[in-house]
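In: With the sequence up front, the predicted model follows.
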Amino acid sequence: MAVKDGLRFQGTGMTSARTRDRLVQQLRDQGIENPRVLEVIRSTPRHFFVDEALASRAYENTALPIGHNQTVSQPYVVARMTEAILPHDGVRRVLEVGTGSGYQTAVLSQLVESVFSIERLEPLYARARERLRQLGCRNVSLRYGDGFQGWPEKGPFDAILVTASPLSIPQPLLEQLAPGGRLVIPVGERASQELKLVVRDGNQFHTEFLDHVRFVPLLSGRE
């Protein structure tokens with residue numbers, strides 16, 4: 001599957017092509033290989049997803065705060081997780097648990113047919129919804145809800161990507177994976193988390209370690 005048409009604000013803003021190219025080269029140096037993922041990281045306006053005071057740092061390879069004790073993930077982590085759920089062109093419907101700023105959502109929207117994203121914090125949900133609308137992400141559906149439960153009425157999903165860390169993998173997310181589906185999720189205490197890839201094979205789930213990461217905890221309920 002080719003990269004979809006770019007976002008409405010692609011290539012605009014306060015950063016030069018050289019700055020974005022430098023970020024993409026850093027991701028290559030860290031092992032990101034998928035050319036579609038790298039191109040989308042290059043073209044997606046990350047500065048649009050952070051506060052204006054942090055916009056000058058938007059293309060650094062680092063996590064940045066977005067308020068409410070949440071962050072927009074480091075570009076390397078976004079690329080690593082995205083690459084892990086896209087081993088081939090058959091990934092069409094993706095569930096994202098933890099919309100946050102909407103940056104990861106926007107990246108996914110350019111690579112798959114449909115993105116379904118859940119956010120439990122209402123201010124972040126409202127802000128992300130407006131940003132994604134302005135960017136023209138028409139294949140994204142957002143939900144204000146509890147990510148532990150997934151989105152069963154929209155499943156099954158070819159892939160599920162979780163942007164916060166539970167202590168163990170929620171069973172509803174496993175149940176909502178399609179046959180052959182891939183779940184990428186950080187698991188563990190905040191000081192010691194492992195990024196895992198879970199692949200569904202019938203009623204069996206095969207787990208692979210991907211990386212050491214640090215995410216905010218995955219919490220239940222809504223706020």
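Out: Happy to help now that I have it.
In: which residues sit against the helix or strand bottoming out on mean pLDDT in the chain?
Out: None of the helices or strands of the chain scores lower by mean pLDDT, DSSP states H and E than strand 70-72, at a mean of 87. Residues from elsewhere that reach strand 70-72 (C-beta atoms under 8 Å, 6 or more residues apart in numbering): 46, 49-50, 63-66, 100-101, 103, 121, 124, 216. To be clear about C-beta, it is placed using only N, CA and C from the backbone, and glycine gets the same treatment.
In: what pairs with that strand, and is each one parallel or antiparallel?
Out: Based on DSSP bridges, the pairing partners of strand 70-72 within the sheet are strand 64-67 (antiparallel).
In: List the buried residues in the strand it pairs with.
Out: Of all the residues in strand 64-67, those buried under the rule 16 or more other C-beta atoms under 10 Å are 64, 66.
In: Same question for stretch 171-186.
Out: Under the neighbour-count rule (16+ other C-beta under 10 Å), stretch 171-186 has 173-174, 176-178, 181-186 buried.
In: Closest one to R18 out of the residues you listed, please.
Out: Minimum distance to R18 across those is 30.7 Å, recorded for V184 (C-beta to C-beta).
In: Which parts of this structure are helices?
Out: Under the criterion DSSP state H, the chain carries helices at the ranges 17-29, 35-43, 75-84, 103-109, 122-135, 171-175.
In: In the chain, where is pLDDT below threshold?
Out: Within the chain, the stretches falling below the threshold (pLDDT under 70) are 1-15.
In: burial of the closest residue to L177 other than its chain neighbours, as a residue count?
Out: The spatial neighbour of L177 that comes closest, neighbours along the chain excluded (C-beta to C-beta, 6 or more residues apart in numbering), is R200 at 4.4 Å. Neighbourhood size, R200 [other C-beta atoms under 10 Å]: 20.
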